[in-house]
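**Q** Need the 3D shape of this:
(one chain, ligands or ions: 1)
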Amino acid sequence: MKKIRVLLMVLFAVLFITACGNQGTKEAPPAEEGSTTKENITTEESNEGKPEGTPVETAAPETDYEPAFPEQTRVKAVKTEFDYQTSKIAEGLNSPWGIAVLPDGSFAITEKGGSLRVMSPEGNLSGVIAGFPEVDSRGQGGLLDVKAAPDFAESRMLYFTFSEPSEEGNLTAVAKGRLSDNNTAVENFTVIYRAMPYYESEGHFGSRIALDPEGNLFISTGDRMDSANRRKVQEFDNGHGKILHITPDGNAAGESPIENEEANPEIYSYGHRNVQGLDIHPETGELWASEMGPEGGDELNLILPGRNYGWPLVSYGVEYGGQPVGEGITEMENTEQPVYYWDPVLAPSGMTFYSSDEIPEWKNNLFIGGLRSQHIARIVLEDNRVVGEERFLENEGERFRDVEMGQDGALYSITDNGNVYRIGK
Ligand SMILES: [Ca+2]
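**A** Below you'll find the predicted structure:
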């Protein structure tokens, strides 16, 4: 078995190198278009020519695990029939991480180093907006997500997550601050919650924000990347590897759904490796999350209160290097199965449900930014099962960090290269 895997790995390595040699230009970022940033993109039709029922993923998996049910991975490809347009509408952002729509149709975009920009729907960017404390921007850290408070039109309040440095390490912190009337500063930046304890690591901060209908916050965190710290994900006295539910003041939003009296009251779910995508289904009101797996085993989860999402006890992925995670099992009693998993990985980051009527066939579909996969995945759900997958912008060579739906019913996505793409009418 081991021998076969080694042989397969060698074979794929050879195929990969050959493919890269043949398509060197495909990996390169898109050519700069002089001063104009409005660049219409002719998207290659990725599903074209594939027989009906073929999955969108054609690469070999990293593992030989079997799904728990047939629609859990590699469902059939679907193709949008609506004649949508894709374009690059802005460039020059400095490592953007989170994008949030504002009531007037513009967007707030964080930059990892510790700054904010406001962007018009046409792609015009404000200057750099200051007002943030020092952030730990090493590795995966920095100023991370942003979300407008439900009453932003009056309060101009924004929520943020960031990696907060200290002498004992760093952690995922949640803060709020007021965007000044002229979009030049964030005022009264105040930390409302810290996912304790501090830990010395440059990775797995999680860090998305979703708002529930009452205006409370769901915050995702990560296991802090170090395998020595993983056990904390299954323990209830800390904020690592959790989804947390807090009020706008940073207190626990109600009683903990965890069946353990000692549990920190803000813990909503646990057993997460690194959740960088969170959104609430526009019709059911349920919370969904994308989760970074190790090698293989990226997950889409429906988040139910008090549940254990399994990390590091169960996974559909393997460690970097190919060793099994823990006992090398994918199912365990009292742990939740992912609704869907990807192998090879997307490296899923920010995601959004499509709730507009502008493109009706997208209604209630999920759009997830892929980092390593370098595309945006469209996921069609029916009765909490995935029934179709489609890829967007897969020829741009971009790592899609976050996706947001604009007030105009188009999708806006920021990339690690500092570009903003629009997909819509
Ligand atoms: Ca899991």
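
**Q** C-alpha from now on. contacts and neighbour counts both.
**A** Noted.

**Q** Could you say which helix or strand holds the residue nearest to A263 when sequence neighbours are not counted?
**A** Spatial nearest neighbour of A263, excluding adjacent residues (C-alpha to C-alpha, 6 or more residues apart in numbering): F236 at 4.7 Å. Element membership for F236 (DSSP states H and E) is empty, with no helix or strand holding it.

**Q** Ramachandran angles for F236?
**A** Torsion angles at F236 (phi, psi; degrees, to the nearest 10) stand at phi -110, psi 10.

**Q** Kindly state the pLDDT recorded for it?
**A** Note on F236: pLDDT of 98.

**Q** Tell me who's in contact with it.
**A** E262, A263, N264, I267 (C-alpha atoms under 8 Å, 6 or more residues apart in numbering).

**Q** how close does it get to the ion?
**A** 17 Å (C-alpha to the ion, to the nearest Å).

**Q** Other residues contacting the host helix or strand of T161?
**A** Element membership of T161 [criterion: DSSP H and E] is strand 157-166. Residues from elsewhere that reach strand 157-166 (C-alpha under 8 Å, 6+ apart): 134-137, 141-149, 151-152, 170-179, 198, 205, 207-209.

**Q** repeat that for 6 Å
**A** Outside strand 157-166, the residues within contact range by C-alpha atoms under 6 Å, 6 or more residues apart in numbering are 135-136, 141-149, 170-178.

**Q** Mark which of those are buried, thanks.
**A** Neighbour counting with 16 or more other C-alpha atoms under 10 Å marks 135-136, 141-149, 170-178 as buried within those.

**Q** ok, which of those also contact the ion?
**A** Among the buried ones among the contacts of strand 157-166, no residue lies close to the ion (C-alpha under 5 Å from the ion).

**Q** Which ones among those map onto strands?
**A** Mapping the buried ones among the contacts of strand 157-166 onto strands (DSSP state E) picks out 143-148, 170-178.

**Q** Go through these and name the one nearest Y341.
**A** Among these, D145 lies closest to Y341 (C-alpha to C-alpha), at 23.8 Å.

**Q** Let me see the contact set for the closest one.
**A** Counted by C-alpha under 6 Å, 6+ apart, D145 has contacts G98, F160, T161, R208.

**Q** show me where the stretch 1-150 of the chain has strands.
**A** 39-40, 85-90, 96-101, 107-111, 115-119, 143-148 (DSSP state E, counting those that start in this stretch).

**Q** mind putting the contacts of D145 in CSV, distance to the ion and neighbour count included?
**A** As requested, these are exported to CSV (distance: C-alpha to the ion, whole Å; neighbours: other C-alpha atoms under 10 Å):
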residue, distance to the ion, neighbour count
G98, 24, 31
F160, 26, 25
T161, 23, 29
R208, 17, 30
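
**Q** Give me the helices and strands touching the helix or strand V191 falls within, please.
**A** Using DSSP H and E, V191 maps to strand 186-194. Using 3 or more C-alpha pairs under 6 Å, 6 or more residues apart in numbering; DSSP states H and E, the elements in contact with strand 186-194 are strand 169-179.

**Q** elements contacting the strand it packs on?
**A** strand 157-166, strand 186-194.

**Q** ranking these by burial, who's on top?
**A** strand 157-166 (a mean of 24; mean count of other C-alpha atoms under 10 Å).

**Q** Mind listing the strands that one pairs with, and their directions?
**A** Strand 157-166 has the following strand partners under DSSP bridges: strand 143-148 (antiparallel), strand 169-179 (antiparallel).

**Q** how many other residues sit next to the residue nearest to T184 when sequence neighbours are not counted?
**A** Nearest residue to T184, sequence neighbours excluded (C-alpha to C-alpha, 6+ apart): I129, at 5.2 Å. For I129, the number of neighbouring residues by other C-alpha atoms under 10 Å comes to 19.

**Q** does I129 have beta-bridge partners, and which?
**A** Bridge pairing for I129 (DSSP bridges) gives the partners L116.

**Q** Does it touch A185 like I think?
**A** Yes. Counting by C-alpha atoms under 6 Å, I129 does reach A185; the two are 5.2 Å apart.

**Q** what sits up against stretch 417-425?
**A** Contacts for stretch 417-425 (C-alpha under 6 Å, 6+ apart): 84-95, 410-414.

**Q** For the residue nearest the centre of the chain, give me its contacts.
**A** The chain has S349 as the residue nearest its centroid, 2.1 Å off, counting by C-alpha atoms, centre = their mean. The contact partners of S349, by C-alpha under 6 Å, 6+ apart, come to Q276, G277, G369, R401.

**Q** Please repeat the previous calculation with a cut-off of 7 Å.
**A** By C-alpha atoms under 7 Å, 6 or more residues apart in numbering, the residues touching S349 are Q276, G277, I368, G369, G370, L371, R401, D402.

**Q** Among these, which ones are in strands?
**A** Reading strands off the contacts of S349 with DSSP E, I get Q276, G277, I368, G369, G370, R401, D402.

**Q** wait, which of those is closest to R156?
**A** Among the ones in strands among the contacts of S349, and counting by C-alpha to C-alpha, the member closest to R156 is D402, at 21.8 Å.

**Q** Let me know the pLDDT of the closest one.
**A** Looking at D402, the pLDDT reads 98.

**Q** how far away is L313 from the ion?
**A** Distance from L313 to the ion, by C-alpha to the ion: 9 Å.

**Q** all strands of the stretch 301-425 of the chain, in order?
**A** Using DSSP E, counting those that start in this stretch, strands in the stretch 301-425 of the chain cover 340-342, 348-353, 366-370, 376-382, 385-392, 400-405, 411-415, 420-424.
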